[in-house]
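Trainee: just coords:
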């Protein structure tokens, strides 16, 4: 998930063959003003210093015109893009000519050198020339050659000066040294005006070009889906949109190198939107609007702004925080790796989900539980979800420390709440070392301590007892010896929550010990065993609350609940993708229809937790404590 959209204004045109692209950004802004659109007052922006004064200097490097200044400009753009990506902004770069695309690509790579970058190049031209092959020497035709680090000497037509060679090597090393992308990770859309050296490069590397006719014949969605599949090994994607990809006869000649028979703006919007919705796009760049060449007034800039405004809305809805998602879901979990997991006789009296299977020795149970835990954490982390793993001390006396959500909860307001526990042995799980770890990394403004009520035999076991709809400030809870109504009222008072309290039983009529085994609340859905709520009035009150807050109800049976199909937690990863985490046992008892209903809302992640479920009587949700605290700077 990104913090915000940042507009980067790079008014440089020194890589082009004609002047005027440096005014393209202002022309786009004028188009917005004339439409009464507040776009450029809505988003923060950053201006990149330029070298446009260099156009008055004599050209010294005829096959790499102004290459020394283009090199500096690319470096400036690189630094700005890198800074914004590291700050978790989504950069939309508005540039004059296309040479600066090398700076943008380099900035993305500099920010995340560990990630493989794919390129979607929406352009009439391939821009794969080097000083050795370029018929014009204009560097706006060379950014991809520099990005892949290939001079294409087999097609050399120019004798390049020593000075040009020096700056060409320097420009190829903008940001991190060496190539920024692999040639096979470039995909063209609309390229239709190339020279032989570029054609040879395209053939050599097998670069796919979705020409306008192919896109219209096969279908835009099909072509974009195929392109995404070709880039499936890329971790993120950069989109470069050159307005000369548009049909100059239909729209405007207001660009440096116009070419007929291109896309219309609606096709470009749909292409970019579909890539954005893949959630892999890291940056988008618009280039080559030249109002000095536009004999239709400001038509090209108006069209470019139409595309810009539309795709920005898609970026906003796809990458920026959503009020519900942001308050309900965390991308960070704390989990405790157990030292002495086993069957707890203290808790078995009212936890009917526990079974003391004597087929395994205590040491084998402990070893198997650690394996399950490690495998579970690895799966969660592989999905891009952050996990703090606390290793329990080897001398710990509790057998249930793997379930930390029962003794503390974190809240976005900087609140930490610790809770009173039913089991005397389990109270030792409230380790100051874990709280210290949180306090060292996150801002804890207030610590509410409810554990003092243990002396009165009153208990409230965290997000085991309570299911929190954090966005709507509602707590759902079923009464039990571990969920005291008076303490629940205290929690609601401190946290300003409303409560929905009810009674729930298992298939044998035994009260359910924790609410989180019979229901899980997501952003737009709820998984719940309504059959466990026998009182019709209470059941209807629960249903009414879900309907009032826009939750789709996915009902599970008592038998499914007994197999932990209610013990789930929805989270998001650091890029905003959402997951409902559950055990493999829970997943296997869901019907195909139930799985399809869940997958309408979120992805599913499951892991085998058989030993922990059998001996501990808890499952996936119980093992994850959500961290909603703000990190210290």
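Mentor: Ah, there it is. None of these values were measured; they are calculated from a predicted model. Numbering: from 1, shown residues only.
Trainee: C-terminal to the one helix or strand in the chain whose mean pLDDT sits lowest, which secondary structure element comes first?
Mentor: None of the helices or strands of the chain scores lower by mean pLDDT, DSSP states H and E than helix 323-328, at a mean of 74. Next along the chain after helix 323-328, taking DSSP states H and E as the criterion, comes strand 332-337.
Trainee: quick one: secondary structure of the nearest residue to residue 604 once chain neighbours are set aside?
Mentor: Excluding the flanking residues, the one nearest residue 604 by C-beta to C-beta, 6 or more residues apart in numbering is residue 580, at 5.4 Å. (Each C-beta comes from the backbone N, C-alpha and C, glycine too.) In three-state terms, and counting by DSSP: H, G, I helix; E, B strand; the rest coil, residue 580 is strand.
Trainee: same check, this time on residue 467
Mentor: Per three-state DSSP, residue 467 ends up strand.
Trainee: Now name the helix or strand holding the nearest residue to it once chain neighbours are set aside.
Mentor: Residue nearest to residue 467 in three dimensions, not counting chain neighbours: residue 476, with 4.3 Å by C-beta to C-beta, 6+ apart. Element membership for residue 476, per DSSP H and E: strand 474-478.
Trainee: for that strand, packing partners?
Mentor: Packing contacts for strand 474-478, counted by 3 or more C-beta pairs under 8 Å, 6 or more residues apart in numbering; DSSP states H and E, involve strand 466-469, helix 485-495, strand 498-502, helix 536-548.
Trainee: These: lowest mean pLDDT?
Mentor: Among these, helix 485-495 carries the lowest mean pLDDT, at a mean of 88.
Trainee: Pull out the buried residues from stretch 546-560.
Mentor: 546, 551, 554, 556, 557, 560 (16 or more other C-beta atoms under 10 Å).
Trainee: what's the first-to-last distance across that stretch?
Mentor: One end of stretch 546-560 sits 21 Å from the other (C-alpha to C-alpha, to the nearest Å).
Trainee: now what about that stretch, what contacts it?
Mentor: The contact list for stretch 546-560, computed with C-beta atoms under 8 Å, 6 or more residues apart in numbering, reads 469, 472, 474, 506-507, 521-522, 524-532, 543, 565-566, 586, 589-590, 594, 597-598, 600-601.
Trainee: Could you tell me which of those residues count as buried?
Mentor: 469, 472, 474, 506, 521-522, 524-532, 543, 565-566, 586, 589-590, 594, 597-598, 601.
Trainee: give the contact list for the spatially closest residue to residue 251 that is not a sequence neighbour.
Mentor: The spatial neighbour of residue 251 that comes closest, neighbours along the chain excluded (C-beta to C-beta, 6+ apart), is residue 303 at 5.4 Å. By C-beta under 8 Å, 6+ apart, the residues touching residue 303 are 243, 246, 251, 252, 265.
Trainee: mind listing what the closest residue in space to the second one that isn't next to it in sequence touches?
Mentor: Spatial nearest neighbour of residue 246, chain neighbours left out: residue 262 (4.9 Å); criterion: C-beta to C-beta, 6+ apart. Contact partners of residue 262, counting by C-beta under 8 Å, 6+ apart, are 124, 190, 192, 212, 244, 245, 246, 247, 248, 250.
Trainee: at 7 Å instead, please
Mentor: For residue 262, the contacting residues are 124, 190, 212, 245, 246, 247, 248, by C-beta atoms under 7 Å, 6 or more residues apart in numbering.
Trainee: one step back: can you flag which of the contacts of stretch 546-560 belong to strands?
Mentor: Counting by DSSP state E, these place 469, 474, 521, 525, 526, 527, 528 in strands.
Trainee: out of those residues, which one sits closest to residue 499?
Mentor: Closest approach to residue 499 among the ones in strands among the contacts of stretch 546-560 (C-beta to C-beta): residue 474, at 7.5 Å.
Trainee: so the closest one touches residue 498, yeah?
Mentor: Yes - between residue 474 and residue 498 there is a contact at 5.2 Å, judged by C-beta atoms under 7 Å.
Trainee: Distance check, the residue nearest to residue 251 against residue 495.
Mentor: With distances taken as C-beta to C-beta, to the nearest Å, residue 303 is found 51 Å from residue 495.
Trainee: got it, and residue 3?
Mentor: As judged by C-beta to C-beta, residue 3 and residue 495 stand 26 Å apart.
Trainee: Which of these two has more residues huddled nearby?
Mentor: Neighbour count, other C-beta atoms under 10 Å: between residue 3 and residue 495, residue 495 has more, with 18 against 13.
Trainee: Could you find the closest non-adjacent residue to that one?
Mentor: Closest to residue 495 by C-beta to C-beta, 6+ apart is residue 411, at 7.0 Å.
Trainee: in the sheet, who's paired with that neighbour?
Mentor: residue 415 (DSSP bridges).
Trainee: rewinding a little: nearest to residue 84 among the helices and strands packed on strand 474-478 would be which one?
Mentor: Closest to residue 84 of the helices and strands packed on strand 474-478, according to C-beta to C-beta: strand 466-469, at 33.9 Å.
Trainee: which helices and strands does the closest one pack with?
Mentor: Under the contact criterion of 3 or more C-beta pairs under 7 Å, 6 or more residues apart in numbering; DSSP states H and E, strand 466-469 touches strand 474-478, strand 519-521.
Trainee: Mean neighbour count, those: which tops it?
Mentor: strand 519-521 (a mean of 26; mean count of other C-beta atoms under 10 Å).
Trainee: Could you list the residues in contact with it?
Mentor: 467, 469, 476, 526, 527, 528, 529, 566, 568, 569, 621.
Trainee: just stretch 205-219 next, same as before
Mentor: Identification of contacts with stretch 205-219 by C-beta under 7 Å, 6+ apart yields 183-184, 186-192, 202, 223, 227, 230, 261-263.
Trainee: Next up, phi/psi of residue 354, please.
Mentor: Dihedral angles of residue 354 (phi, psi; degrees, to the nearest 10) stand at phi -80, psi 140.
Trainee: An error on my part: the question was meant for residue 208.
Mentor: Torsion angles, degrees, to the nearest 10, at residue 208: phi -80, psi 130.
Trainee: Could you chop the protein up by domain?
Mentor: Here the domain parsing of the chain from automatic domain parsing is 4-320, 324-626.
Trainee: rewinding a little: pull up the gap between the residue nearest to residue 467 and residue 294, please.
Mentor: For residue 476 relative to residue 294 (C-beta to C-beta), the value is 60 Å.
Trainee: which two from the contacts of stretch 205-219 end up farthest apart in space?
Mentor: The two members of the contacts of stretch 205-219 with the most space between them (C-beta to C-beta) are 184 and 261, at 27.0 Å.
Trainee: sorry, back to before: of all pairs in the contacts of strand 519-521, which one is the farthest apart?
Mentor: 469 and 529 (17.5 Å).
Trainee: In JSON lines, list the buried residues of stretch 546-560 along with distance to residue 157 and secondary structure.
Mentor: Formatted as JSON lines, the buried residues of stretch 546-560 follow (distance: C-beta to C-beta, whole Å; DSSP: H, G, I helix; E, B strand; the rest coil):
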{"residue": "546", "distance to residue 157": "70", "secondary structure": "helix"}
{"residue": "551", "distance to residue 157": "66", "secondary structure": "coil"}
{"residue": "554", "distance to residue 157": "65", "secondary structure": "strand"}
{"residue": "556", "distance to residue 157": "70", "secondary structure": "coil"}
{"residue": "557", "distance to residue 157": "74", "secondary structure": "coil"}
{"residue": "560", "distance to residue 157": "71", "secondary structure": "helix"}
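Trainee: from these, which single one is nearest residue 154?
Mentor: Nearest to residue 154 among the buried residues of stretch 546-560: residue 554, at 60.5 Å, using C-beta to C-beta.
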